[in-house]
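K.L.:
Fold the following, please.
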Amino acid sequence: MAQGIIHLVFTPSLLMSHATDDWWKVARIVGEALAAEWADGIFQAGDLVLAARVIALVESGRLECRGKNPLEMQFSEVRLPNAHVA
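P.N.:
Alright, predicted model coming up:
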């Protein structure tokens, strides 16, 4: 299996590790994931690839989104699901 493919398999956990119960801009989640990759010396996915993975996480129900399109990272926000339930 190619190294890039292995990396993309682990990308959801990388993104999820930066999600919280609070609404955060997609740009922040993606930026923190990119910074973590940079610190680890692994930089194989760009911001649009990670934003596309955020869309997949939203569609699978692992994240909630508010905003029109997570690819518009500065205008959309995500959080962990059921964060509003006390």
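
K.L.:
Only C-alpha atoms from now on, for both contacts and neighbour counts.
P.N.:
Will do.

K.L.:
Please report how far residue 80 lies from residue 15.
P.N.:
With the distance defined as Cα to Cα, to the nearest Å, residue 80 ends up 11 Å from residue 15.

K.L.:
What of residue 66?
P.N.:
The gap separating residue 66 from residue 15 is 17 Å, by Cα to Cα.

K.L.:
Looking at the two, which is more packed in?
P.N.:
residue 15 (22 against 15; other Cα atoms under 10 Å).

K.L.:
Wasn't that one part of a strand?
P.N.:
No. Residue assignment for residue 15, taken from DSSP: H, G, I helix; E, B strand; the rest coil, gives helix, which places it outside any strand.

K.L.:
show me the contacts for it.
P.N.:
29-30, 33, 50, 54 (Cα atoms under 8 Å, 6 or more residues apart in numbering).

K.L.:
do the same with residue 47
P.N.:
So residue 47 contacts 30-31, 34 (Cα under 8 Å, 6+ apart).

K.L.:
Now tabulate those in CSV and tack on secondary structure, distance to residue 60 and pLDDT.
P.N.:
CSV is the format used below for these (DSSP: H, G, I helix; E, B strand; the rest coil; distance: Cα to Cα, whole Å; pLDDT from 0 to 100):
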residue, secondary structure, distance to residue 60, pLDDT
30, helix, 18, 92
31, helix, 22, 91
34, helix, 22, 86
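
K.L.:
closest to residue 19 among the residues you listed?
P.N.:
For those, the closest approach to residue 19 (Cα to Cα) belongs to residue 30, at 9.9 Å.
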